[in-house]
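>>> okay, structure incoming, though there's no sequence with it:
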C-alpha cells in the first residue's frame, strides 16, 4: 500500500505581484484528486484499484474533454496512459493470468502551483511523484521506479502538456536485469472509443509512416508523433514527444488509422529487437511529453510546443 499523510494546504497572497501566488505541497491519498484549470477537469493519476499497474486515467483538452479510455472490455490491460515493459522475460504489460508482473506503489506525493494573475490564474502546474516496486510472481522485486509526472495548463499556448519521467533502478539486491518486451511496450495511450475510427497519425518533418509489423501496426522513428480524430463529433489532437534523455531514439507504435479495431499510440525504445540492460551503476530514464489540444492542430503548432517542451525539460 502507498505511504500517505494527511493533506496540508498553504495559501500565500502577495498584492501587486504576479508570478507564483498559490502553492500546495502535500502527500496524497492513493486516489489523487483531479486537477482543475479554468473550472475544467484536466488530469488525474489513478493509483488505487489497479491490480497490476497505476495509470493516468484522465487527461483532457483545455475545454475539459478527456481523450483517454481505461481498461476497455476488449483489452482490459490497456490502462489509459500507462508505462509498462518486460523485465527478464516477465510481462508487465498484460494482465491475463498470475504469470504477469505487477507495479506496486510504495509511496506517492503531489505538489500544485497556481501561477500569474490572482485570482484568475493563467497557469497551473501539478507535480506528482510516486515510487513503485516492479514485482514478479512470487513476490521478488526486480526493479524500482521513481515516477515523476508534471502537468502544465495555461492560457497561452492553449494546450494541456504532460511530462512523464520514469527512472528505473535495480532492486535493493543490485542484481542487473534485462528490459525487453513486444513491439508496443513503452508509454502507451488508449483513446476514447469515439476516437477509434477515421483518425490520422502524422509525424514531424513529414516523416513517412514506418514499417508495418503486423496488420496496420506500424513503428515510426520520429521526434514527435501526433494523432487527430473526432472526440464525440469535435476534433482533438494529441502528440507524444521524444527526449534526448531517453536511452534510445523514440520509435512510435501506431495502429487504428487504417481500419483496425481501435486506435493506439505508444512511445517505445525498440526493446523487442534489442534488449536494454539495467545495472546498479546504470539506471535507465524514460522521458516523454504528451500534449493535448482541442481542434485539429497543424504540424507547425505541434513543432512549436515540442521545442518549448524540450527547452523546459533540458535541465
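Perfect, thanks for sending it. Computed from a predicted model, the values in this text were never measured in an experiment. Residues are numbered from 1 along each chain as shown.
>>> run through who's touching stretch 220-229.
Contact with stretch 220-229 is made by 191, 194-205, 207, 209-210, 235-242, 249-252, 254, 257, 263, 265, 267, 296-297, 299, 302-303, 306, as judged by CB atoms under 8 Å, 6 or more residues apart in numbering. For the C-beta atoms, the positions are set from N, CA and C on the backbone; glycine is no exception.
>>> tell me which residues of stretch 196-203 come out buried.
Residues of stretch 196-203 classed as buried by neighbour count (16 or more other CB atoms under 10 Å): 196, 199, 201, 202, 203.
>>> can you pull out the helices in the stretch 101-250 of the chain?
With DSSP state H, counting those that start in this stretch as the definition, the stretch 101-250 of the chain shows no helices.
>>> re earlier: and the contacts of stretch 220-229, which of them are in strands?
Members of these lying in strands (criterion: DSSP state E): 200-203, 235-241, 251-252, 254, 265, 267.
>>> give me the buried subset of the residues you listed.
201-203, 236-241, 251-252, 254, 265, 267.
>>> and those, which two are furthest apart?
236 and 251 (24.1 Å; CB to CB).
>>> so how far is residue 258 from residue 43?
Residue 43 is 30 Å from residue 258, where distance means CB to CB, to the nearest Å.
>>> no wait, residue 222
Distance from residue 222 to residue 258, by CB to CB: 18 Å.
>>> neighbour count winner among the two?
More neighbours surround residue 222 than the other of residue 222 and residue 258, with 21 against 13 (other CB atoms under 10 Å).
>>> and the pLDDT for that one?
In this prediction, residue 222 carries a pLDDT score of 98.
>>> if the residue nearest to residue 78 when sequence neighbours are not counted is in a bridge, with which residues?
Spatial nearest neighbour of residue 78, chain neighbours left out: residue 190 (4.0 Å); criterion: CB to CB, 6 or more residues apart in numbering. For residue 190, the beta-bridge partners under DSSP bridges are residue 264.
>>> just use 7 as the starting number from now, easier for me
Right, with 7 as the first residue, what we last looked at is residue 196.
>>> report how many residues lie close to residue 196.
Residue 196: 27 neighbours (other CB under 10 Å).
>>> likewise residue 250?
Considering only other CB under 10 Å, residue 250 is surrounded by 10 other residues.
>>> state the phi and psi torsions of it.
Main-chain torsions, residue 250, degrees, to the nearest 10: phi -70, psi -10.
>>> show me the contacts for it.
Per CB under 8 Å, 6+ apart, neighbours of residue 250: residue 316.
>>> where's it relative to residue 294, distance?
For residue 250, the distance to residue 294 - CB to CB - is 12 Å.
>>> can you check residue 69 too?
Distance from residue 69 to residue 294, by CB to CB: 24 Å.
>>> between those two, tell me which one has more neighbours.
residue 294 (24 against 15).
>>> I figured that one hits residue 248, correct?
Yes: with contact defined as CB atoms under 8 Å, residue 294 reaches residue 248; the gap is 7.0 Å.
>>> can you list residues touching both of these two?
With CB under 8 Å, 6+ apart, residue 294 and residue 248 have common neighbours 256, 273.
>>> for the ones in strands among the contacts of stretch 226-235, which one is nearest residue 90?
residue 273 (11.9 Å).
>>> grab the nearest non-local neighbour of the closest one.
Per CB to CB, 6+ apart, closest to residue 273 is residue 193, 4.4 Å.
>>> same check, this time on residue 82
In space, residue 82 is closest to residue 101, 6.3 Å off (CB to CB, 6+ apart).
>>> quickly find the element holding the one you found.
In this assignment (DSSP states H and E), residue 101 forms part of neither any helix nor any strand.
>>> so what does it look like in phi/psi?
Dihedral angles (degrees, to the nearest 10) for residue 101: phi -140, psi 40.
>>> quick check: it touching residue 84?
No: counting by CB under 8 Å, residue 101 sits too far from residue 84 to count as a contact (9.5 Å).
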